[in-house]
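Participant: how would this look folded up:
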Amino acid sequence: MIVLYIILGIVAIPFVLALFVNASYFIHRSQNIQASKADVFAYLKILNNSRKYSKWVMADPNMETQMTGNDGEVGFILSWDSKDKQVGAGAQEIKQIVENERIDYEIRFLRPMKSVATSFIEIKGISENETEVKWAFSGKMNYPMNFMLLFMSVDKILGKDLELSLMNLKGILEEEIKG
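Facilitator: Reported below is the predicted structural model:
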């Protein structure tokens, strides 16, 4: 009987600890791009362009996508469905646009884990031909999955992907400007 109580206690520990773990996360990265604020914003506003720079969108070139609405406008939705378990399925919707300043998104993940996150891209002119792009994500891991946050850093994992995506964006936009 004591062995049973010990086993139950060990199984219960993660569930109890998860009660005290912050379930929310916020990460952001930024990159300066040698291009005008207007050019950068015009490119970023078209969500379908993310196929060329976003590590997540580029992860499965064979995924099925569906677009609803007018790209570059509030309400546009880009949905995806992939057989790749890392990519899964979901939808990203443009929720708000502040022209030449910021784009807000809602990302609804269906697989591999159902959740909702928010994201924004903010741009700031540094000079006539240099623009800072800040990309941020926030979300929440529901109980008891938030227990995993004790052992993994969302900032490190997603941060690397954000940095790669911003470097891809920089390369594309700076090449377009030169070309």
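
Participant: Correct me if wrong: Lys95 contacts Val74.
Facilitator: Yes - counting by CB atoms under 8 Å, Val74 is a contact partner of Lys95 at 6.7 Å. Every residue, glycine included, has its C-beta placed from N, CA and C.

Participant: what about the helices in this protein?
Facilitator: Along the chain, counting by DSSP state H, helices occupy 2-18, 37-45, 50-53, 55-58, 154-178.

Participant: Could you list the buried residues of the longest one?
Facilitator: By neighbour count, and taking 16 or more other CB atoms under 10 Å as the criterion, the buried residues in helix 154-178 are Val154, Leu158, Asp161, Leu162, Leu164, Ser165, Leu166, Asn168, Leu169, Lys170, Ile172, Leu173.

Participant: quick one: which of these is nearest Ser30?
Facilitator: Leu166 (7.4 Å; CB to CB).

Participant: In contact with that closest one, which residues?
Facilitator: Applying CB atoms under 8 Å, 6 or more residues apart in numbering, one finds that Leu166 lies in contact with Arg29, Ser30, Gln31, Tyr53, Val133, Trp135.

Participant: contacting residues around stretch 104-120?
Facilitator: By CB under 8 Å, 6+ apart, the residues outside stretch 104-120 that reach it are 85-86, 88-97, 102-103, 135-142, 145.

Participant: ugh, wrong one, I meant stretch 54-70
Facilitator: With contact meaning CB under 8 Å, 6+ apart, stretch 54-70 is reached by 48, 50-52, 75-84, 86-87, 161, 164-165, 168.

Participant: one more time with 6 Å, if that's ok
Facilitator: Under the contact criterion CB atoms under 6 Å, 6 or more residues apart in numbering, stretch 54-70 has outside partners 50-51, 75-82, 84, 87, 161, 164-165.

Participant: same check, this time on stretch 134-143
Facilitator: Residues outside stretch 134-143 that contact it (CB under 6 Å, 6+ apart): 18, 23-30, 117-122, 162.

Participant: Recalculate using a threshold of 7 Å.
Facilitator: Contacts made with stretch 134-143 from outside it, assessed by CB atoms under 7 Å, 6 or more residues apart in numbering, are listed as 18, 23-30, 115, 117-122, 148-149, 158, 162, 166.
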